[in-house]
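Asks: Fold the following.
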Amino acid sequence: MDKKQKGFSLIELLIVVVIIGIIAAIAIPNLLASRRASNEAAAIGSLRTITSAQATYKSGNPTFATLPELYSEGLIDEVLGCGSPPCSKTGYSYAVTPLAGHPDFHWDATAVPEVGSGLGATGFRYFYTNEAVVIYANIGSVPTVDATRAVSNGTPIGD
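Replies: Okay, here's the model as predicted:
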């Protein structure tokens with residue numbers, strides 16, 4: 001091979017590398033967005049599982065349960081029912097707090113993205129649900145609930 005042929009080979013290789021870089025620059029953000037959407041869908045599904053588990057638990061007990069209690073009853077999996085909440089699953093951290101009140105008993109559950117911003121974000125939406133069985137979402141912070149159990153700064157997730 002003479003010098004002229006070597007030069008063309010290096011230029012062709014450089015062009016291939018540039019094309020691969022352009023394809024990667026287009027594809028990677030879409031892949032990350034798909035992963036975030038998948039994590040958010042999994043968080044909603046996990047909160048629905050927790051809601052069903054709480055209803056089942058409450059049918060035989062005077063109060064609602066924590067995540068480890070729901071796990072010990074076989075109502076949720078071991079990942080959601082970790083021994084020391086918040087429990088981590090699919091890029092989100094989950095916490096459940098039973099609240100004793102008169103005349104009713106209440107509970108709160110949250111799903112918070114482990115990384116909430118930037119390129120490596122595991123999700124942008126924060127989720128909340130309670131005994132009313134409505135899942136709320138908010139970007140940037142967990143939806144809040146007041147003393148009357150009314151949720152503010154959150155949008156209900158449709159079924």
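
Asks: dump the residue contacts of the closest residue to Asp146 other than its chain neighbours.
Replies: If you skip the residues right next to it in sequence, Asp146 has Ser152 as its closest partner in space, 6.9 Å away by Cβ to Cβ, 6 or more residues apart in numbering. The C-beta positions use only the backbone N, C-alpha and C, and glycine is treated the same way. In this structure, Ser152 makes contact with Pro143, Thr144, Val145, Asp146, judged by Cβ atoms under 8 Å, 6 or more residues apart in numbering.

Asks: Select from the residues you listed the one having the most neighbours.
Replies: Of those, Pro143 is surrounded by the most neighbours, 20 neighbours in total, counting by other Cβ atoms under 10 Å.

Asks: so how many other residues sit close to Pro86?
Replies: Applying other Cβ under 10 Å, we find 15 other residues in the vicinity of Pro86.

Asks: wait, isn't it in contact with Tyr94?
Replies: Yes: judged on Cβ atoms under 8 Å, Pro86 makes contact with Tyr94 at a distance of 6.0 Å.

Asks: In this structure, where is pLDDT below threshold?
Replies: Per-residue confidence of the chain (counting by pLDDT under 70) places the weak regions at 1-8, 102-104, 159.

Asks: What's opposite the residue nearest to Asp146 in the beta bridge?
Replies: Beta bridges link Ser152 to Thr144 when assigned by DSSP bridges.

Asks: quick one: Ala150 and Pro156, what's the gap?
Replies: Here the criterion is Cβ to Cβ, to the nearest Å. By it, Ala150 lies 12 Å from Pro156.

Asks: Compare those two (neighbour count), which wins?
Replies: Taking Ala150 and Pro156 together and counting by other Cβ under 10 Å, Pro156 has the greater number of neighbours (13 against 9).
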